[in-house]
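A.B. asks: Provide a 3D model corresponding to the input given below.
(one chain, ligands or ions: 1)
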Amino acid sequence: MQKVKVGLEKHSYDILIGHGLIKNSGQIIAPLLSKNRVVVITDQNVAPLHLHYFESSMKSAGVSVSSLVVPGGESTKSWKYLIRVVEWILEQKVERNDLVVALGGGVIGDLVGFAAATVRRGVQFAQIPTSLLAQVDSSIGGKTGINVSFGKNLVGAFHQPVVVIADTEALDTLPHRDFLSGYGEVAKYGLLGDEKFFRWLEENAASLIDGNVELRMEAIKRSCQIKAQIVENDEREYGERALLNLGHTFCHALEAVTNFSDILLHGEGVSIGCNLAFEVSSRLGLCPQEVPSRVREHYHSINVATDISQINGFVGNADQIYDLMAQDKKVVNGVIRFILASDIGKAMVHENIDKALILEVLQQSLER
Ligand code: GLY
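C.D. replies: Model prediction:
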């Protein structure tokens, strides 16, 4: 088992990464409890695959479990299910020192984390992320929340988990497309902060996508280390944490144009967005021309989309995408903030970029 620490003083916690950890979660969680019981919330897709193993391991460790299963999918990250989860947690008479467990992908982690942040002004919670995207990104760093009619993740709270348990065995049941989508966030870490890691991915991505467990563990560990360090420096995103949004200004607009549907998964949008960010960086003269080509080549080598034209069923144009970028929640005083880079591993925040240049890059990506 690998361990990555997120050092946030009183709110520090470990990310544990290993194969088969859900089956041993009782041994990990029991020592963290003040009473021998937990409540767990999961979804209808994850429950048949993993809930039984979680419950048996808890019972073997002498811990009783109550569980709630909610529907899967992004629409569960809503007021309706927040109320459902909060009221259920209260029905279970959960107290501040009890432990609420989120077992699932990013939707469950965000929803349950937010419920835990609000019940009794904050109860302890543990993340057991079952998707690659959740293991390397959303389960770490304490961002929790729901979507509302005004936009995605617009209501939420920072609430750090007490432990993150990333079981690589759970990735074996993940559909290939979801795994590749999660890979978009893995590659992002190399691109934003660690050229050596990106080089390692160039050599090893094909095998880790193919199922090599050691390589998967290494990629998750390195991604978590990079994220942990950024979160330690800037928990509330006043500065450096914004770099984690490399590719996301483009991605959020593409997700909005596609109505947040399955046409485009989040990590797929991140991959396309990272390529667009490097293209813009090169056109601005921030990085040499070979850099976006190298990025693009890596994604091509593993069959991950780099351009908007590769989104099946995409209907939209450059102006629409630009207008949606201008509505991103990270826009300040009407100025769009982009995360660009001077090289692989060297990301920075940039503002006031010529609209015509962005439109040109979007147009090229629509035609490629
Ligand atoms: N997913 C971006 C962040 O955690 O800040």
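
A.B. asks: all helices of this structure, in order?
C.D. replies: 25-29, 52-60, 79-91, 106-118, 132-133, 176-193, 195-210, 213-233, 248-257, 266-283, 290-301, 318-325, 355-367 (DSSP state H).

A.B. asks: and the residue of the stretch 151-300 of the chain closest to the ligand?
C.D. replies: Closest to the ligand within the stretch 151-300 of the chain is Leu244: 4.0 Å, counting by CB to the nearest ligand atom. Using the backbone N, CA and C atoms, a C-beta is placed for each residue, glycine as well.

A.B. asks: for that residue, which non-adjacent residue is closest in space?
C.D. replies: Ile230 (6.1 Å; CB to CB, 6 or more residues apart in numbering).

A.B. asks: just to check, that neighbour is in contact with Arg241?
C.D. replies: Yes - Ile230 is within contact range of Arg241, at 5.6 Å (criterion: CB atoms under 8 Å).

A.B. asks: the two: who's more crowded?
C.D. replies: Higher neighbour count among Ile230 and Arg241: Ile230, with 22 against 17, using other CB atoms under 10 Å.

A.B. asks: report the contact partners of the residue of the stretch 151-300 of the chain closest to the ligand.
C.D. replies: Taking CB atoms under 8 Å, 6 or more residues apart in numbering, we find Leu244 in contact with 137, 188, 192, 227, 230.

A.B. asks: pull the number of nearby residues for Lys10.
C.D. replies: Counted with other CB under 10 Å, Lys10 comes out at 5.

A.B. asks: could you do Leu208 as well?
C.D. replies: As a burial measure, Leu208 scores 24 neighbours (other CB under 10 Å).

A.B. asks: and it, how close does it get to Val186?
C.D. replies: 9 Å (CB to CB, to the nearest Å).

A.B. asks: any idea how far stretch 111-120 is from the chain center?
C.D. replies: 18 Å (CA atoms, centre = their mean, to the nearest Å).

A.B. asks: pLDDT of it, averaged?
C.D. replies: Model confidence over stretch 111-120, given as mean pLDDT, is 98.

A.B. asks: now that stretch: buried residues?
C.D. replies: By 16 or more other CB atoms under 10 Å, the buried positions in stretch 111-120 come out as 111-119.

A.B. asks: now the residues you listed in CSV, with distance to the ligand?
C.D. replies: Output for those, formatted as CSV (distance: CB to the nearest ligand atom, whole Å):
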residue, distance to the ligand
Leu111, 16
Val112, 16
Gly113, 12
Phe114, 14
Ala115, 19
Ala116, 17
Ala117, 15
Thr118, 19
Val119, 22
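
A.B. asks: what is the nearest of the residues you listed to Glu268?
C.D. replies: Of all the buried residues of stretch 111-120, Glu268 sits closest to Leu111, with 22.0 Å by CB to CB.

A.B. asks: could you find the closest non-adjacent residue to the closest one?
C.D. replies: Nearest to Leu111 is Lys77, by CB to CB, 6+ apart, at 5.1 Å.

A.B. asks: try Gln289
C.D. replies: Here the residue nearest Gln289, using CB to CB, 6+ apart, is Ser282, at 5.3 Å.

A.B. asks: was I right about the one you found contacting Val291?
C.D. replies: Yes - between Ser282 and Val291 a contact is recorded at 6.2 Å, counting by CB under 8 Å.

A.B. asks: low-confidence stretches in this structure?
C.D. replies: Counting by pLDDT under 70, the ranges of the chain that qualify are 329.

A.B. asks: near the ligand, which residues of it?
C.D. replies: Proximity of the chain to the ligand, by CB under 6 Å from any ligand atom, involves residues 137, 141, 143, 241, 244.

A.B. asks: the same query, at a cut-off of 5 Å, please.
C.D. replies: 141, 143, 244 (CB under 5 Å from any ligand atom).
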